[in-house]
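# please work out how this folds:
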Amino acid sequence: MMQFSNPPAAGALLGLILGLLEYVIAMAMFRAYIARETEAARKAGEALPGEARVARHMNTLRYGLLALALIIYPAIGYAVARNFFI
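As a prediction, the model looks like this:
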């Protein structure tokens, strides 16, 4: 069995993995919801006035979740491992 000699690096790696997993799950949920609502509006013959706005907000959401996944969660994992496992 492989042992890590550097717990902070392991904590950062674990934070990165969990952050990326959250990103994939959250984006899939948001995309499915938007697709479902868009399809329901089209079937009902309703206009979709906020379609461009939704795309802009999805970009903001995507960048925010990526920042969490790539920066914040690894930093938290590093800090927790450094404070509790050394």
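# contacting residues for residue 54?
Neighbouring residues of residue 54 by CB atoms under 8 Å, 6 or more residues apart in numbering: residue 34. The way it works is simple: take the backbone N, C-alpha and C, and place the C-beta from them, glycine included.
# now residue 74: which helix or strand?
helix 73-84 (DSSP states H and E).
# mind telling me what element the most centrally placed residue in the chain is part of?
Nearest to the mean C-alpha position of the chain, by CA atoms, centre = their mean, lies residue 23 at 2.2 Å. Here residue 23 sits within helix 7-44, counting by DSSP H and E.
# other SSEs contacting that helix?
For helix 7-44, the elements it packs on are helix 51-67, helix 73-84, judged by 3 or more CB pairs under 8 Å, 6 or more residues apart in numbering; DSSP states H and E.
# rank those by pLDDT, which is bottom?
For those, mean pLDDT drops lowest on helix 51-67, to a mean of 87.
# what's the spacing between it and its chain's center?
11 Å (CA atoms, centre = their mean, to the nearest Å).
# okay if I get the helices and strands packed on helix 7-44 as TSV plus distance to residue 42?
Shown next, in TSV, are the helices and strands packed on helix 7-44 (distance: least, CB to CB, whole Å):
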stretch	distance to residue 42
helix 51-67	11
helix 73-84	37
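# what's the span of stretch 58-74 from first residue to last?
The straight-line separation of the ends of stretch 58-74 (CA to CA, to the nearest Å) is 23 Å.
# how about the contacts made by the residue nearest to the centre of the chain?
65-66, 68-69.
# spatially, which two of those residues are the most separated?
66 and 68 (7.2 Å; CB to CB).
# of those two, who's got more company?
residue 68 (18 against 14; other CB atoms under 10 Å).
# how close does that one get to residue 80?
16 Å (CB to CB, to the nearest Å).
# show the average pLDDT along stretch 16-31.
94.
# just how off-centre is that stretch within its chain?
4 Å.
# same check on stretch 37-52?
For stretch 37-52, the distance to the chain centre is 26 Å (CA atoms, centre = their mean).
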